[in-house]
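Student: What would the 3D arrangement of this be:
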Amino acid sequence: MATLLLAPAVVCTGLCAGFMLVFLAGVMPALARLTDDGFVTAMRRINEYVPRAVFLTVLLGVIAFPAAAFPVPVAGRTDAQTWCVLAGLACAVLDHLVALGGNIPLDNTLARDPGGDPSAARAAFENRWNGFHRARTVLITAAFGLFTAAAVLRSPPETSVPSLPEPYRGVCLWREVAGRHPSAPREGPPKAYPRVRKQTFATGRLSAAGGNLTRPKTDKEGESPRYPGR
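Tutor: Reported below is the predicted structural model:
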């Protein structure tokens, strides 16, 4: 669910960042070449047609989608992903605050005086509006990069020692615990189980547990082995 919400956040932020960059690099330098009357008229027309349903939906998605994706629990989410979403959301909120406190009031002031002096209106509008727009472009581009990083980053795969068969778990439990939990204190292996008494193939004599199984010596080659006490 969080991925489904973060993906449209990346798309909306990328569209908004591209729109801001086009204005910064193309539209405003082109309008700067116009006369005062042409500049003021063009900006008024732009301010009338840009804030439509499509543009407002994209602006709303820049904040709404990441804000909805952040509280959704995600298994394996890393701290880097969490901080990327938070930082991107902060940049998007600051972008909207700059627009509400800087660009939009200037647009409204320019639209309220259609019959005024174009030179005075341009002098009070152009440089200040461009400054706010540069700040918005940097903020929304940073938000786009952070949301993209949060969507691309993946948690490292967990490595674990395969579980041992039940008969071996008692003997090798200390190895399994040390392999799965490197920070756990490593204890020595449990006490070894005593060996089962085995019968030697040559003499039929039983050897004690833990002793070396050796063939008894004979006096001469070909004779039967001698046992102590016989």
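
Student: So in the protein, where's the weakest helix or strand by average pLDDT?
Tutor: helix 166-180 (a mean of 50; mean pLDDT, DSSP states H and E).

Student: and the closest residue to residue 89 other than its chain neighbours, how many neighbours?
Tutor: Take residue 89 and drop its neighbours on the chain: the residue closest to it by CB to CB, 6 or more residues apart in numbering is residue 66, 4.8 Å away. In short, each C-beta sits where N, CA and C put it, glycine included. Residue 66: 28 surrounding residues under other CB atoms under 10 Å.

Student: where exactly do the strands run in the protein?
Tutor: Taking DSSP state E, the chain contains no strands at all.

Student: can you list the weak-confidence ranges in it?
Tutor: 1-4, 72-77, 114-115, 154-230 (pLDDT under 70).

Student: Summarise which helices and strands the biggest helix by length in the chain is packed against.
Tutor: Among the segments of the chain that qualify as a helix by DSSP state H, the longest is helix 118-152. Packing partners of helix 118-152 (3 or more CB pairs under 8 Å, 6 or more residues apart in numbering; DSSP states H and E): helix 2-22, helix 36-49, helix 53-69, helix 79-98, helix 104-112.

Student: got the buried residues for it?
Tutor: 118, 121-122, 125-126, 129-130, 132-133, 135-151 (16 or more other CB atoms under 10 Å).

Student: For burial, what's the neighbour tally of the spatially closest residue to residue 6 that is not a sequence neighbour?
Tutor: Of all residues not flanking residue 6 in the chain, residue 69 sits nearest, at 4.6 Å (CB to CB, 6+ apart). Residue 69 has 23 neighbouring residues, counting by other CB under 10 Å.

Student: hmm, back to that, can you redo the helices and strands packed on helix 118-152 as TSV with distance to residue 29?
Tutor: Output for the helices and strands packed on helix 118-152, formatted as TSV (distance: least, CB to CB, whole Å):
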stretch	distance to residue 29
helix 2-22	11
helix 36-49	12
helix 53-69	21
helix 79-98	21
helix 104-112	18
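
Student: Looking at those, spot the one closest to residue 30.
Tutor: Closest to residue 30 of these is helix 36-49 (CB to CB; 9.1 Å).

Student: and that closest one with helix 104-112, angle?
Tutor: 120 degrees (axes from the mean of the first three to the mean of the last three CA atoms, to 10 degrees).

Student: Which residues belonging to stretch 97-107 are considered buried?
Tutor: 98, 99, 102, 103, 106, 107.

Student: Let me know the closest of those to residue 48.
Tutor: Using CB to CB, these come closest to residue 48 at residue 107, 9.6 Å.

Student: Setting aside sequence neighbours, what's the nearest residue to the closest one?
Tutor: Per CB to CB, 6+ apart, closest to residue 107 is residue 47, 4.6 Å.

Student: mind listing what the closest residue to residue 122 other than its chain neighbours touches?
Tutor: Computed as CB to CB, 6+ apart, the closest residue to residue 122 that is not its neighbour in sequence is residue 36, at 4.9 Å. If a contact means CB atoms under 8 Å, 6 or more residues apart in numbering, then residue 36 has 118, 119, 121, 122 as its contacts.

Student: Tabulate those in JSON lines, adding columns for distance to residue 60.
Tutor: Putting the contacts of residue 36 into JSON lines (distance: CB to CB, whole Å) gives the following:
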{"residue": "118", "distance to residue 60": "34"}
{"residue": "119", "distance to residue 60": "37"}
{"residue": "121", "distance to residue 60": "30"}
{"residue": "122", "distance to residue 60": "31"}
